[in-house]
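Asks: Quick one, fold the following:
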Amino acid sequence: MKQWIHDAGLSLMTMMMLLTGQAMALTVEADFEGGSVRQVQTDAASQTVRFMPGGDPARGWPCWWQFRVSGLQAGKELTLELQASDLPMPQSNGQPSGKPLSGSWAMPERAAYSVDDGRTWLQTAPGRKQEDRIVYILKTDATSLLVAWGPPYTPKQAASMVTRLGQAHAAATDTELCKSREGRNVPMLTVMEGDLAKGSRYGVWVQARQHAWESGASWVCEGFSEWLLGTSPEAEWVRQHAEIFIVPIMDVDNTATGNGGKEALPQDHNRDWTEKPNWNEVAAAQKHIKSLVAQGRMDVFMDLHNPAPRDLKAFFYAGPDDMLAEPARENWSLFLKLAQESISPVMPMLDAPKITGASYHPLWRQISRNWVQLHGNPHTVSACLETPWNTERSHVQGYKAVGAALGATLHTYLQAQPKRS
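Replies: Next up is the predicted model:
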């Protein structure tokens, strides 16, 4: 029997619990990149974990959660009971707050889980809302698994993605946007193929995750990157006619530490686009974009996000109408039409963009897409794509399909030879 226990990789205590039917102790761990949880209570007998999202409100909305549960009985239901964070927010919508964040931001209808240490992510069945909490129930044969708000995408994954694509394709270069304020690498991929001179190429900037909790945006970015470096004639045409810069995670520090990022102090990355940004990533991105503007080829800027819980269709944010003059107005109209045609088959879309003006946020001019539109070339298209996180399509494959569709949009748009100033 001792040999059988050894071969199975089980401790003697675990084996005795299994033989006697005694419930094993549940353990919860979040001491890893992107881990975040607090106020944990476990009940081994009913195999239940009660918890709140982790995160420091000063570092953004405490809505992100991810942790590992071990000591599970294979084949027995695991119950996850999530309650909203009770920590007061220092600010909300740019104004002093002092109130906790609404629980809806932390409570996706379907949670994500992985039984293979994060290599693949699945969705739970829809959770059951109970007043101020939600309950998810899942059953696997695993004795340990990861659970999360949505499929995580960490800085290590971003680095792995740009390295993988950079090594596999001569047209791609694995590089670094900058070092974060906490000294982390901010991975960036640049893509360009063929002999066409840089000055004759379209300039394209794609970035994701200015809000750390919006993990789906990074998966959209990865889907776009893989499409761009794929074998289709459309992707090859884009590589040969454009210079593309891709940053899969802007707020690497809060992503790594499991903080929300949005409304972080003094302001989050997407409210930091000023002449003197607080965040290194924003300053570095502005430097690249200003260089493209000076060359007259800041053609397309795309910022990737996830929206509010009740936004169940993808959509673009746009600035006020008076921000656009010709030829940018005509180009933006064309881009929106083509995006609707490409993205709608894989993710339903709203018919029209939403507006980020003075009524949206007091720092609206400091939002990235607005800053780029105001400081770009007269022909620049500056787009913020919001991909829903609270639907049955909001999984890795669904997000990546949106990214590929965004690539197809870019190809059709650029091949249509949009007007340049």
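
Asks: how many neighbours does residue 116 have?
Replies: 11 (other C-beta atoms under 10 Å). C-beta coordinates here come from the backbone N, C-alpha and C atoms, glycine included.

Asks: now swap in residue 266 and tell me
Replies: Counted with other C-beta under 10 Å, residue 266 comes out at 10.

Asks: Equivalent analysis for the one 3 residues further on, please.
Replies: Number of residues near residue 269 (other C-beta under 10 Å) recorded here: 25.

Asks: now swap in residue 357 and tell me
Replies: 16.

Asks: The one 3 residues further on too?
Replies: Residue crowding around residue 360 was assessed by other C-beta under 10 Å; the count is 16.

Asks: Now do it, the pLDDT please.
Replies: What the model reports for residue 360 is a pLDDT of 90.

Asks: now do residue 365
Replies: Here the pLDDT value assigned to residue 365 is 94.

Asks: and what of residue 13?
Replies: Taking residue 13 on its own, its pLDDT is 44.

Asks: likewise residue 18?
Replies: At residue 18, the model reports a pLDDT of 47.

Asks: With only the CA atoms kept, save the longest helix along the chain in CSV.
Replies: Ordering each helix of the chain by length in residues (DSSP state H) puts helix 396-415 first. This file holds the C-alpha atoms of helix 396-415, laid out as CSV (Å, rounded to 0.1, in the frame of the first residue of the first chain):
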residue,chain,number,x,y,z
VAL,A,396,-10.0,33.2,-25.1
GLN,A,397,-11.2,32.0,-28.5
GLY,A,398,-13.9,34.7,-28.7
TYR,A,399,-11.6,37.5,-27.8
LYS,A,400,-8.9,36.3,-30.3
ALA,A,401,-11.6,36.1,-33.0
VAL,A,402,-12.3,39.8,-32.4
GLY,A,403,-8.6,40.5,-32.7
ALA,A,404,-8.4,38.7,-36.1
ALA,A,405,-11.5,40.6,-37.3
LEU,A,406,-9.8,43.8,-36.3
GLY,A,407,-6.9,42.8,-38.4
ALA,A,408,-9.2,42.2,-41.4
THR,A,409,-10.7,45.6,-40.8
LEU,A,410,-7.3,47.2,-40.9
HIS,A,411,-6.4,45.5,-44.1
THR,A,412,-9.6,46.6,-45.9
TYR,A,413,-9.3,50.1,-44.6
LEU,A,414,-5.7,50.6,-45.6
GLN,A,415,-6.2,49.0,-49.0
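
Asks: Please identify the buried residues of it?
Replies: For helix 396-415, burial by neighbour count (16 or more other C-beta atoms under 10 Å) applies to 396, 398-414.

Asks: Touching, residue 227 and residue 411? I think so.
Replies: No. Checked against C-beta atoms under 8 Å, the pair residue 227 and residue 411 is beyond contact range at 9.2 Å.

Asks: Packing partners of the longest helix of the chain?
Replies: Under the contact criterion of 3 or more C-beta pairs under 8 Å, 6 or more residues apart in numbering; DSSP states H and E, helix 396-415 touches helix 215-228, helix 233-241, strand 298-305, helix 328-343, strand 381-386.

Asks: now those as JSON lines including distance to residue 288?
Replies: Below are these laid out as JSON lines (distance: least, C-beta to C-beta, whole Å):
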{"stretch": "helix 215-228", "distance to residue 288": "16"}
{"stretch": "helix 233-241", "distance to residue 288": "18"}
{"stretch": "strand 298-305", "distance to residue 288": "10"}
{"stretch": "helix 328-343", "distance to residue 288": "20"}
{"stretch": "strand 381-386", "distance to residue 288": "14"}
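
Asks: can you redo these as TSV with mean pLDDT, mean neighbour count and distance to residue 275?
Replies: Compiled in TSV, these are given as follows (pLDDT from 0 to 100; neighbours: other C-beta atoms under 10 Å; distance: least, C-beta to C-beta, whole Å):
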stretch	mean pLDDT	mean neighbour count	distance to residue 275
helix 215-228	98	27	26
helix 233-241	98	17	32
strand 298-305	98	25	17
helix 328-343	97	19	22
strand 381-386	97	26	18
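
Asks: Which among these is found nearest to residue 180?
Replies: helix 215-228 (15.5 Å; C-beta to C-beta).

Asks: Show me what that closest one is packed up against.
Replies: Using 3+ C-beta pairs under 8 Å, 6+ apart, helix 215-228 sits against helix 155-168, strand 185-191, strand 202-208, helix 233-241, strand 242-247, strand 298-305, helix 396-415.
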